[in-house]
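Novice: What follows is a protein structure lacking sequence information:
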């Protein structure tokens, strides 16, 4: 095995393992409030576009790393949408977040 391939393999394992705590915490707590939905969405779009470049390269560690990034960012997007919480009611917004009851609008 040559040095660049070994370096690529080691860095792939290191980069992938650095993301695992984030994924484990997200799946364990289902608390994704600290993650930006727009950032995760943009990351998924970038991964899709970047795939055209990566998968045109010869197979190697970069394929594995990019595939890991594609899967993890897609999972984070799904979890972010699935477990997103409604905004908390504050004194300033009290009463504004709830729909008006049908009886108050003259409906039964």
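Specialist: Sure, I can see it. What you are looking at is a predicted structure, and each value in this text was computed from that prediction instead of being measured.
Novice: Sort out which residues of stretch 68-86 are buried, please.
Specialist: In terms of neighbour count (16 or more other CB atoms under 10 Å), stretch 68-86 has its buried residues at 68-70, 72-73, 76-77, 79-80. Backbone N, C-alpha and C define where each C-beta goes, glycine included.
Novice: Please flag which of these sit within strands.
Specialist: Using DSSP state E, the subset of the buried residues of stretch 68-86 located in strands is empty.
Novice: Of those residues, which pair is most distant in space?
Specialist: Greatest spacing in these, by CB to CB: 68 and 80 (18.2 Å).
Novice: burial count for residue 11?
Specialist: By the criterion of other CB atoms under 10 Å, residue 11 has 13 neighbours.
Novice: ok, which stretches of this protein are helices?
Specialist: Along the chain, counting by DSSP state H, helices occupy 3-29, 37-54, 61-82.
Novice: Same list, those helices, but as JSON lines with mean pLDDT please.
Specialist: As requested, the helices of the chain are arranged in JSON lines below (pLDDT from 0 to 100):
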{"stretch": "helix 3-29", "mean pLDDT": "87"}
{"stretch": "helix 37-54", "mean pLDDT": "93"}
{"stretch": "helix 61-82", "mean pLDDT": "91"}
